[in-house]
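*Asks:* this is the structure alone, sequence omitted:
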């Protein structure tokens with residue numbers, strides 16, 4: 001089993017920045033895909049960004065150029081740096097993990113076996 005714990009959410013004004021962290025513990029693997037998803041009220045959970053075990057990164061079009069995903073393997077931590085935040089970025093952000101040797105990063109929730117509890121991000125206009 002893998003446990004994921006997110007941190008770093010909060011309230012920020014439009015144009016501001018936040019950095020989310022996802023700490024993994026338990027039976028972690030060196031072959032993985034980690035992704036951030038978000039879910040706004042009344043909307044489906046959507047892919048935001050992902051990183052595979054060789055460090056390749058993938059982003060949703062809505063966050064390209066504003067968000068950066070990175071991993072610190074020594075600390076079993078994945079971070080999401082969010083800049084130029086917009087009110088439409090408001091959502092609960094979830095970290096998800098898939099133990100896999102594939103290089104492809106899944107963009108659907110069903111591609112992931114492990115989930116964190118989520119952290120709220122609110123961007124005021």
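*Replies:* It's in. Every value quoted in this text rests on a predicted model; they were computed, and no experiment measured them.

*Asks:* middle-most residue in the chain, spatially?
*Replies:* residue 36 (2.0 Å; CA atoms, centre = their mean).

*Asks:* for residue 92, see how far away it is.
*Replies:* Residue 36 sits 11 Å away from residue 92, going by CB to CB, to the nearest Å. In short, each C-beta sits where N, CA and C put it, glycine included.

*Asks:* on that earlier part again, once you drop chain neighbours, what's closest to the residue nearest to the centre of the chain?
*Replies:* residue 48 (4.4 Å; CB to CB, 6 or more residues apart in numbering).

*Asks:* element containing the one you found, please.
*Replies:* strand 46-52 (DSSP states H and E).

*Asks:* each with direction, which strands does that strand pair with?
*Replies:* strand 32-39 (antiparallel), strand 57-59 (antiparallel) (DSSP bridges).

*Asks:* ranking those strands by burial, who's on top?
*Replies:* strand 32-39 (a mean of 23; mean count of other CB atoms under 10 Å).

*Asks:* ok so, going back, any chance of the strands paired with strand 46-52 in a markdown table, plus distance to residue 103 and mean pLDDT?
*Replies:* What follows is these, written out as a markdown table (distance: least, CB to CB, whole Å; pLDDT from 0 to 100):
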| stretch | distance to residue 103 | mean pLDDT |
| --- | --- | --- |
| strand 32-39 | 8 | 95 |
| strand 57-59 | 10 | 97 |
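
*Asks:* right, I'll call it a day here.
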